[in-house]
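A.B. asks: One predicted model, sequence on top.
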Amino acid sequence: MSFPWARQYEPKVAFMRYLDEKLPLPRLVYNATGAGYPVPRNLSYMWNFGSLAGFCLVLQIVTGIVLAMHYAPNGDIAFASTEHIMRDVNWGWLLRYAHANGASLFFVAIYLHIFRGFFYGSYKAPREMVWLLGVVIFLLLMATAFMGYVLPWGQMSFWASKVITGLFGAIPLVGEPLQIWLLGGYAPDNATLNRFFSLHYLLPFVIVGVVILHIWALHIPGSSNPTGVEVKGESDTVPFHPYYTAKDGFGLGVFLILYCVLTFFLPNALGHPDNYIPANPMATPAHIVPEWYFWPFYAILRAFTIDFILPAKLWGVLAMFSSILVWFFLPWLDKSPVRSGHFRPLFRKFFWFGLIPAMAVLFYCGGAPAEEPYVMLSQVATAYYFLHFLVILPLVSWFERPEPLPFSITEAVLGSDKKAVLQ
Amino acid sequence: MIRAIAILVGLGFTAAVVWAFGWGAAAVISQGYMVEPTAEHEFHQHPKAVSFSTDGPFGKWDLQQLQRGYQVYKEVCSACHSLEYVAFRDLVQLGYNEAEVKAAAAEWTVPSLDPVTGENTTRPGVPTDYFPSPHANAVMLAAAGNPPDLSLMTKARHDGSAYVYSLLTGYADQAGYKNEDGEVLLEEFPDAKTPTGLYFNPYFATLNFGMPPPLVVDGQVTYADGTEATIDQMAKDVSAFLIWTAEPTLVKQRQTGWWVLGFLIFATVLAWLAKKQVWAPVTPKRRKD
Amino acid sequence: MAATTGNAHPDALGPEGQPGEEGVRRRDFINIAAVATAGVGGAAMLVPLISQMAPSKDVLAQSTTELDISGIEPGMAIKAMFRKQPVFVRNLTTAEIDAAQAVPLGDLRDPQTLRERTKEGHGNILVTMGVCTHLGCVPLGTVEGENRGDFGGYFCPCHGSHYDTAGRVRKGPAPTNLEVPDYVFTNDTTIVIGQEAA
């Protein structure tokens, strides 16, 4: 898709003309990320996180492949092979810490990317498919990260795998056989570790495929923008290259500075010390917690403590999965014709004073011990979370009176648009 | 239609979690406390404040201290604790030369097989060997009380280096022991009395520790460099040694980090200027007032 | 933060435009500098990625193989392992030593005397790698009854290289003699391969 004023690909170099004729890859790149792709001129830095997430994907794949040259996915030697990487492999310490902290940074980018989507209504028509594919990517990312954390076969690796595979046992009727099938045994052991390694290596490439679909689906309508008003004319856009290549480049620099501080100076700050203890099926750690990026969902899982028609454990599992599944339905839950939160006063209030604090509480409580007051706090936050998406958003989109929109992006940026016609 | 189902599902989850909240709140109100006060909760001590040469982003190894710490490990700790991820050849990082490393390795005996009869035997270590475990197998380890391997101890505990130091210097007499609030442990929690076979140490999570105090007297080790071996000094030195065993590349990480950070800041400044320059044609001009 | 949101006011910040040729060159410079710096960064990232495939510290650590050679009778050889590769240790008979010393150096593709390939005082013990210098097969000749080639030493069946009693190549495609590794005699019946002579 492109707008009628999009620049056409005109190769000047003979070799590029030849290549483009045989395999139109140069044309594809030009039209997707080059000067041939018009993008709204008013994108804020909140639009950087897609490309940053893409960078993280490449980074994780590259560091992951080289780590796999030294890692041994067998229960008896996995922990030792990780220490071999840290101590003996040339630059091994850097590759390991880059990969571990790269995962954290990937989730930082992804959460900011998703919350941009929440606030600016990026999930609304005509971009529903982009959104659905994005939620699929997020689920795949969570699976990949979970399996990756199991691989060092430390105490947290083992017990996290025990808890998460144990959740499947909560499913009525088929739960236990399903759990045994997933584990390849009765508890996480060598069979589990080996298959997690295989799948952890595979899924990132599946993610690459879905990301390509995600970007393709986006390029049909083109990017949205902070006003939520669709592109109307040439003055609303700038070509992706060099405008957004430059802006993404700068954003990447800032992002990498943060990444560098973590990887080189605070490499274990986001990790858990217990994972430096080799896995011991006979001794449970005092507090089992997943990595920080799973904390909100862990808090939701642990919030359901009392049976209520259904067993509490089943509620927890259903709620944890539903908390992400509701995102699939957003385009149909939030029916407001106004996209951007900038022009939706009631929506904004619930976003900043409801959803964001609830997520903050869920993040914090997910990493805390399963004691009071954290349990009660997670319960309140969980209640709000489900109310927000399933009750508040539909009702707000019904009752809200939005603020007047600018005629066009050009008007929003320059103050007036010569093409604007008095309504 | 979707919205109707959504509202029902949302109310369903909310009802279940509010129900749980109600019971939890009722329990807290009737008990009168959030978390049950236990001996561990009231009397456990966080690690002492202690500094090491490797602290901070500009930290450096103190090779003399590491050598002293190695001596403490060898003469005191190795009786019970293995160091399985460290090889003798790694000792070259402590400032020993190749001949000294060979000699250091030869001071240890490692398990071996007789090349003719195939019987289990021992032989002196060579640099490529790893530090041998004092226990022949897992059963003997359990019989000895499961003393953990120390290679990664300072990374496997929160604030690990301070924790190890505090543990080694923190053994106290339980009788009359008070916490900061002045509460006497055995008066508040008589059940927390240290069972026989365990040792009271408030820096340990459950207060009663399986390891008897390993550093009992000043001068327990005679340092090769002549430093006075007080208990405090030995504890500091072996803690520093364990920082090295856990993360031998620590200083190198930070040194590389400064270079990378410097380059990235430079590159980001350039990227910022380039971005502003690229965007200049479409950035609305500041109106001159 | 750049103020490029939809609500940007006309007063929004922006640098002065710089028209004219001078300005164009200045403009390009910063872009080129930024891209070049990014390129340097990208190239630097390759260093650890490539270096990690080189042998790790544990592999590089000097490893040695200690052998008891007292059981090797004259005329016999053993095949042992050194750094995961075969090594041949042969106890040469007097006839074999004489045959080796009789060969004129000019006849040899890779001229070396037997004395150069053995240790002082142990001229009958020949230690060589069991790796053909052509393409790496393991030559025959250590086991009783194996083909020892036309020169009574070792024979490589892969492409027909013949080595003599001193392990020197005499015929066939191999370019150099069987490699003599570093080794020392710690006593008359024990050698340590991989240890350099003091």
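C.D. replies: Sure thing, it's come through.

A.B. asks: Neighbours of the residue of chain B found nearest chain C, how many?
C.D. replies: Using CB to the nearest CB, the closest approach of chain B to chain C is made by B:Thr283 at 3.4 Å. C-beta: built from backbone N, CA, C; applies to glycine. Using other CB atoms under 10 Å in any protein chain shown, B:Thr283 has 20 neighbouring residues.

A.B. asks: And C:His159, how far from C:Pro175?
C.D. replies: From C:His159 across to C:Pro175, the span is 12 Å (CB to CB, to the nearest Å).

A.B. asks: Return every residue with contacts to both of these two.
C.D. replies: Shared contacts of C:His159 and C:Pro175, defined by CB atoms under 8 Å, 6 or more residues apart in numbering or on different chains, comprise C:His134.

A.B. asks: Show me where the stretch 101-250 of chain B has its helices.
C.D. replies: B:138-143, B:160-169, B:185-188, B:231-246, B:250-279 (DSSP state H, counting those that start in this stretch).

A.B. asks: list the buried ones in the helix or strand of chain B with the lowest mean pLDDT?
C.D. replies: Between all helices and strands in chain B, the lowest mean by mean pLDDT, DSSP states H and E belongs to helix B:185-188, at a mean of 84. With burial defined by 16 or more other CB atoms under 10 Å in any protein chain shown, the residues of helix B:185-188 counted as buried are B:Leu185, B:Glu188.

A.B. asks: near chain C, which residues of the stretch 101-250 of chain B show up?
C.D. replies: B:Pro115, B:Val126, B:Pro127, B:Thr128 (CB under 8 Å from any CB of the partner chain).

A.B. asks: Name the spans of the chain whose pLDDT lies under the cut-off.
C.D. replies: If you meant another chain, say so; for now it's chain A. Applying pLDDT under 70 to chain A flags the ranges A:1, A:419-423.

A.B. asks: um, chain C though
C.D. replies: In chain C, residues with pLDDT under 70: C:1-27, C:62.

A.B. asks: What residue spans form the domains of it?
C.D. replies: What automatic domain parsing lists as the domains of chain C is C:18-54, C:60-193.

A.B. asks: Could you look over those and pick the most buried one?
C.D. replies: Most buried of those, by mean neighbour count (mean count of other CB atoms under 10 Å in any protein chain shown): domain C:60-193, with a mean of 17.

A.B. asks: Is it positioned near chain A?
C.D. replies: No - Domain C:60-193 lies out of reach of chain A by CB under 8 Å from any CB, never closer than 8.9 Å.

A.B. asks: and that domain, anywhere near chain B?
C.D. replies: Yes - using CB under 8 Å from any CB, domain C:60-193 reaches chain B at C:Ala61, C:Gln62, C:Ser63, C:Thr64, C:Asp68.

A.B. asks: Among these, name the ones in strands.
C.D. replies: C:Asp68 (DSSP state E).

A.B. asks: And the residues of domain C:60-193 next to chain B, which two are furthest apart?
C.D. replies: C:Ala61 and C:Asp68 (23.4 Å; CB to CB).

A.B. asks: Among the helices of the stretch 101-250 of chain B, show the one with the smallest mean pLDDT.
C.D. replies: Note on these: helix B:185-188 shows the lowest mean pLDDT, a mean of 84.

A.B. asks: ranges for the strands of chain C?
C.D. replies: Assigned by DSSP E, the strands in chain C fall at C:65-68, C:77-82, C:85-91, C:125-129, C:152-156, C:161-164, C:169-171, C:183-187, C:190-193.
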